[in-house]
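[1] what's the 3D shape of this:
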Amino acid sequence: MNAVRFYLDKEGRAMRTSNEAATRQADTPEDFDDIARRAQLFNEHNLDLYRDQVEQAADAVAAAVRRARQVHSGVSPSELAPDFEAVDLDQPSGDMAEALAELRPLYLDHAVYFHHPRYAAHLNCPVLVPSIAAEVVLSAINSSLDTWDQSAGGTFIEQKLIAWTAARAGLGEGADGVFTSGGTQSNLMAMLLMRDAWCARQYGHGAVQKQGLPAAASKLRVFVSEVSHFSLSKAAALLGLGHDAVVGVACDQARRMDIAALKSAIADCRAAGDIPIAVAATCGTTDFGSIDDMDAIAAVCRNEHLWMHVDAAYGCGLLVSNRHGHKCAGIENADSLTVDYHKSFFQPVSCSAFIVKNGANLGLITHHADYLNPAEAAAAGTPDQVNKSLQTTKRFDALKLWLTLRTLGAATIGAAFDGAVALARATYELMLAEPRLELLHRPELSTIVFRYRPCLTTSEAELDTLNASIRSQLARDGEAMIAATKVDGRRYLKFTLLNPATTVEQMGEIVDLILAYGMAIERSTPSPASALAQTPAAAANERVRRHG
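    Presented below is the predicted three-dimensional model:
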């Protein structure tokens, strides 16, 4: 019986046929070329089409950026969802111009624009132009950096960038690593190696991989700052250790891990019969940008024979900083390191890395497949990145950082990061002069946690509601995008500043908007516009809305 196959007819429709009929439909080189053209495959026949469609897409983005007067349209999920219900994915337009025109009301008109001066929410950065050019290259060639025979020079570019980053961090010549999808994956790899390195010492290399977790795994403990990233706890759960394996350690007034509390927590765990295996320091906490004392933590780890991980997803910009590089002192002691270039190196998502001081430790996750990365290939020195990665198929994200460094240089990236830090400090000084704003900390990097507090008699519950309303109304009206968090169970607002092109005056406009919206909500004004009109910044805000 003939198997069923599909082919494209002259109009590009998928037609069902048998093997025999399909052979008759496409059995000459000319037919195959015709199919390639109609399918718009990227090859030598479609290079003009490639250039045309890339230019159309670039023009659409440029037009959208020029149109964007606000950081966001304010559209809600319930408002936008019906527009997607009307899209029939089985009925293509057949034309890139039409597809891009359709994309405008679905996405481009409602996108959150991180380059906008009133975007101050999450750890999202405006991106450097060379890194965008790199996306054009890497997406077209479409290398997969799992094996040498799928990437060739791409493998060496990634490896050289890993070595460069490790050298910047002072990890030594034996360091090695791999690019990842982000800090969450990097922290997962760190937790995995912490666990398996301990198990290898106790039960032999490969014991966990072959036999699963030992009974003692339920007693393994990793110590983290109480303001560390949630991905560490998530990783513990995914790896079968459980959330209880992650022990939160109290912080000092600067929101850094308290070293005395760390020592006490380790001692308490040992006394309870639990097994400390690692400490995860943070170089740039998500909320406060605080930097743990990595030298002191390293001393504790040496004395207690513990693995030291440093989550520098945010603070890795210090590695190229011209003014603040000294703040990451002690990072050279890390056994493993997380860095997110798509935060403080101004790269497009995704562009991150996981690095270990002793590259041999990556062997704990190596698995050889005869059809992909056979053991004999590794023995012959073939540099397959899959041998040290959780991913198999892996984008050539390293090219973005490579072209950025080769075009602009590390000092330029560092200067941009320093600009974001300077902006945060100047904004903090501006906010100190406003009595209705309660600031929790002086920024170490580029985040500021605060809340609107109209008077001292306002209850905590009222403050929670008021600040949540300010943030949601700002976002709804598209005036500004700011973040929110909770500290000791209470709701706060947060600026996360990673745009060195934003000015202090523009940050002042966001502050004035927060005050205006706060007053309007307090007075139950139907629209904040009336209160906004009474503020000293009203005229400036109106000019921004009219002229961008």
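[2] every contact and neighbour count from this point should use C-alpha atoms.
    Will do.
[3] quick one: the strands in the stretch 1-150 of the chain?
    Ranges of strands in the stretch 1-150 of the chain, per DSSP state E, counting those that start in this stretch, are 4-8, 14-18, 119-120.
[4] same thing with the stretch 201-350 of the chain?
    For the stretch 201-350 of the chain, the strands defined by DSSP E, counting those that start in this stretch cover 220-225, 246-249, 275-282, 307-312, 336-340.
[5] most tightly packed of the ones you listed?
    strand 336-340 (a mean of 31; mean count of other Cα atoms under 10 Å).
[6] thinking again about what came up before, so for Asp88, which of the strands of the stretch 201-350 of the chain sits nearest?
    Nearest to Asp88, of all the strands of the stretch 201-350 of the chain, is strand 336-340, at 37.2 Å by Cα to Cα.
[7] quick check: mean pLDDT of the closest one?
    Average pLDDT, strand 336-340: 98.
[8] could you do stretch 524-544 as well?
    Mean predicted confidence for stretch 524-544 is 44.
[9] kindly report the same for stretch 41-61.
    Across stretch 41-61, pLDDT averages out at 95.
[10] same question, stretch 190-210
    94.
[11] what comes up buried for it?
    For stretch 190-210, burial by neighbour count (16 or more other Cα atoms under 10 Å) applies to 190-200, 205-208.
[12] let me know the closest of these to Ala426.
    Ala190 (35.6 Å).
[13] which helices and strands does the host helix or strand of the closest one pack with?
    Using DSSP states H and E, Ala190 sits in helix 183-203. Using 3 or more Cα pairs under 8 Å, 6 or more residues apart in numbering; DSSP states H and E, the elements in contact with helix 183-203 are helix 207-211, helix 231-238, strand 275-282, strand 307-312, strand 336-340, strand 352-356.
[14] at 7 Å instead, please
    helix 207-211, helix 231-238, strand 275-282, strand 336-340, strand 352-356 (3 or more Cα pairs under 7 Å, 6 or more residues apart in numbering; DSSP states H and E).
[15] distance to Glu479 for those - can I get that in CSV?
    As requested, those are exported to CSV (distance: least, Cα to Cα, whole Å):
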stretch, distance to Glu479
helix 207-211, 52
helix 231-238, 31
strand 275-282, 33
strand 336-340, 29
strand 352-356, 31
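[16] of all these, which one comes closest to Ser131?
    Taking Cα to Cα, strand 352-356 is the member of the helices and strands packed on helix 183-203 nearest to Ser131, at 13.5 Å.
[17] who's in contact with the closest one?
    Contacts with strand 352-356, where a contact means Cα atoms under 7 Å, 6 or more residues apart in numbering, come from 175-183, 186, 335-342.
[18] could you dump the strands of the stretch 201-350 of the chain to a markdown table with distance to Ala299?
    What follows is the strands of the stretch 201-350 of the chain, written out as a markdown table (distance: least, Cα to Cα, whole Å):
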| stretch | distance to Ala299 |
| --- | --- |
| strand 220-225 | 14 |
| strand 246-249 | 16 |
| strand 275-282 | 11 |
| strand 307-312 | 10 |
| strand 336-340 | 16 |
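[19] nearest to Gly325, of these?
    The nearest among the strands of the stretch 201-350 of the chain, by Cα to Cα, is strand 307-312 at 12.8 Å.
[20] that closest one pairs with which strands?
    Looking at strand 307-312 with DSSP bridges, its partner strands are strand 275-282 (parallel), strand 336-340 (parallel).
[21] adding distance to Val71, write the ones you listed out as TSV.
    Shown next, in TSV, are the strands paired with strand 307-312 (distance: least, Cα to Cα, whole Å):
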stretch	distance to Val71
strand 275-282	30
strand 336-340	24
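[22] please identify which of those strands is closest to Lys219.
    Using Cα to Cα, the strands paired with strand 307-312 put strand 275-282 closest to Lys219, at 5.5 Å.
[23] for the most centrally placed residue in the chain, list the residues it contacts.
    With distances taken as Cα atoms, centre = their mean, the residue of the chain nearest its centroid is Gly182 (5.1 Å). Counting by Cα under 7 Å, 6+ apart, Gly182 touches 340, 350-352.
[24] please apply the same query to Ala190.
    309, 336.
[25] for Ile521, give its distance to Ser469.
    Counting by Cα to Cα, to the nearest Å, the gap from Ile521 to Ser469 is 8 Å.
[26] neighbour count winner among these two?
    Of the pair Ile521 and Ser469, Ile521 is the one with more neighbours under other Cα atoms under 10 Å, namely 19 against 15.
[27] name the element the more buried one belongs to?
    Applying DSSP H and E, one finds Ile521 within helix 504-522.
[28] packing partners of that helix?
    If you count contacts as 3+ Cα pairs under 7 Å, 6+ apart, helix 504-522 packs onto helix 410-432, helix 460-477, helix 528-532.
[29] in the first one, what's buried?
    Looking back up the chat, that one is helix 410-432. So, applying 16+ other Cα under 10 Å, buried residues of helix 410-432: 410, 412-428, 431.
[30] kindly report the same for the second one.
    Buried residues in helix 460-477, counted by 16+ other Cα under 10 Å: 463-464, 466-468, 470-477.
[31] what's the first helix or strand after it?
    Assigned by DSSP H and E, the successor of helix 460-477 is strand 481-487.
[32] residues touching that next one, excluding its own?
    Strand 481-487 is contacted from outside by 71, 118-122, 471, 474-475, 491-495, using Cα under 7 Å, 6+ apart.
[33] identify the farthest-apart pair in those residues.
    Largest pairwise distance in the contacts of strand 481-487, by Cα to Cα, is 23.2 Å, between Val71 and Arg491.
[34] so those two - more neighbours on which side?
    Neighbours per residue (other Cα under 10 Å) separate Val71 from Arg491, with Val71 holding more: 23 against 19.
[35] just the pLDDT for the more buried one.
    On the pLDDT scale, Val71 gets 94.
[36] go on, Asn361?
    pLDDT at Asn361 comes out at 96.
[37] done for today, thanks.
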